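>>> please work out how this folds:
(4 chains)
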2 protein chains.
Amino acid sequence: MTAIIEFQERKLGSRCCEGVAQPQLDPAAAQRLSDDLQILGHPVRLQILDILAQHAGQVCVCDLEAALPVKQPTVSHHLKLLRSAGLIDSERHGQWAYYFIRRDSLAELRTRVSQWLNVLG
Amino acid sequence: MTAIIEFQERKLGSRCCEGVAQPQLDPAAAQRLSDDLQILGHPVRLQILDILAQHAGQVCVCDLEAALPVKQPTVSHHLKLLRSAGLIDSERHGQWAYYFIRRDSLAELRTRVSQWLNVLG
DNA sequence: AGAGTATATTGACAACCTTCGATGTACCTG
DNA sequence: CAGGTACATCGAAGGTTGTCAATATACTCT
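Next comes the predicted model:
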């Protein structure tokens, strides 16, 4: 209720929308950040990343299936999304596919997100 | 390609899925974080927050409409989502609605996201 | 009161996302 | 080779999200 009284108030009755406000974030950057945030914005994907971070390189799909509240095709689907986003990768050993986090990509994503959170705050 | 050779390899032929892997993140925390990330995961909402961060308390809906690539009902829609998430609030002055960021809620969100990014990395 | 402006809400539509059964592929073991 | 296991892919169903024209609400000024 006191949020704007410290600013000079816009003259009432004057036309608004003078085009003063412009985002610092250009549309491309906004899209990129939004993609980053969206790939993280699902509980199953968050938990997958969490597990992979703890057991790097030793996690196969059926481990994930056992730890998560979704069936195998769904696990594979989310793994595919995370891989397309560059956040994880896998190696096949025999019949198992071992998944692991790509620390480099994840670090870049973290930098982008952190920077934005700082700009905002 | 060298990701797993530094770990003791699971004995081939043995049964997998021994239930070893468990997320640190409980389902409720995963859901919460996911909600946080999802509300941020849209370019228009990112740009709204960006503009509000720069012009706190002096931004009305038509300013946003002028700065964004969507029409007024869509702007109002995203504002409503951001308000439901507790990230922004508004004050009416005459016919204008001035929106502003709720720094406290945003700070809490940032803490949750940052902490998770750190745990992960 | 009446005309005009700013914003919110409604309702409809399209696009997208999530999920899972069914099926396909690859590999290992006997 | 046959049977079993791990994983990927397909396709369908259902849910959610984003968008906007139309409309409603509320305020301002004459």
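>>> residues near A:R83, how many?
Using other C-beta atoms under 10 Å in any protein chain shown, A:R83 is surrounded by 14 other residues. (C-beta placed from N, C-alpha, C; glycine too.)
>>> cool, and A:P27?
13.
>>> how much space between it and A:D35?
Taken as C-beta to C-beta, to the nearest Å, the spacing of A:P27 relative to A:D35 amounts to 13 Å.
>>> low pLDDT regions in chain A?
Counting by pLDDT under 70, chain A has low-confidence residues at A:1-16, A:18-19.
>>> ranges for the strands of it?
According to DSSP state E, chain A carries its strands in the segments A:59-60, A:88-93, A:96-101.
>>> the shortest one pairs with which strands, parallel or anti?
So the one you mean is strand A:59-60. Applying DSSP bridges to the sheet, strand A:59-60 is found paired with strand A:96-101 (antiparallel).
>>> what comes up buried for the strand it pairs with?
Judged by neighbour count (16 or more other C-beta atoms under 10 Å in any protein chain shown), strand A:96-101 contains these buried residues: A:96, A:98-101.
>>> so which of those residues is the closest to A:D50?
Checking those against A:D50 with C-beta to C-beta, the nearest one is A:I101 at 10.1 Å.
>>> could you pull out the helices for chain A?
Residue ranges of the helices in chain A, as given by DSSP state H, are A:27-40, A:43-54, A:61-67, A:72-84, A:103-120.
>>> what's the neighbour count on the residue nearest to A:L64 when sequence neighbours are not counted?
Counting by C-beta to C-beta, 6 or more residues apart in numbering or on different chains, A:V75 is the residue found nearest to A:L64 once chain neighbours are left out, at 5.1 Å. Look at A:V75: counted by other C-beta under 10 Å, it has 21 neighbours.
>>> and if you look at A:Q115?
What A:Q115 shows, counting by other C-beta under 10 Å, is a neighbour count of 11.
>>> ok so, going back, could you export the helices of chain A as a markdown table, including distance to B:R110?
Compiled in a markdown table, those are given as follows (distance: least, C-beta to C-beta, whole Å):
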| stretch | distance to B:R110 |
| --- | --- |
| helix A:27-40 | 13 |
| helix A:43-54 | 17 |
| helix A:61-67 | 28 |
| helix A:72-84 | 23 |
| helix A:103-120 | 5 |
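>>> deepest-packed of the ones you listed, please.
Relative to the other members of the helices of chain A, helix A:43-54 carries the highest mean neighbour count by mean count of other C-beta atoms under 10 Å in any protein chain shown, namely a mean of 22.
>>> alright, that wraps it up for me.
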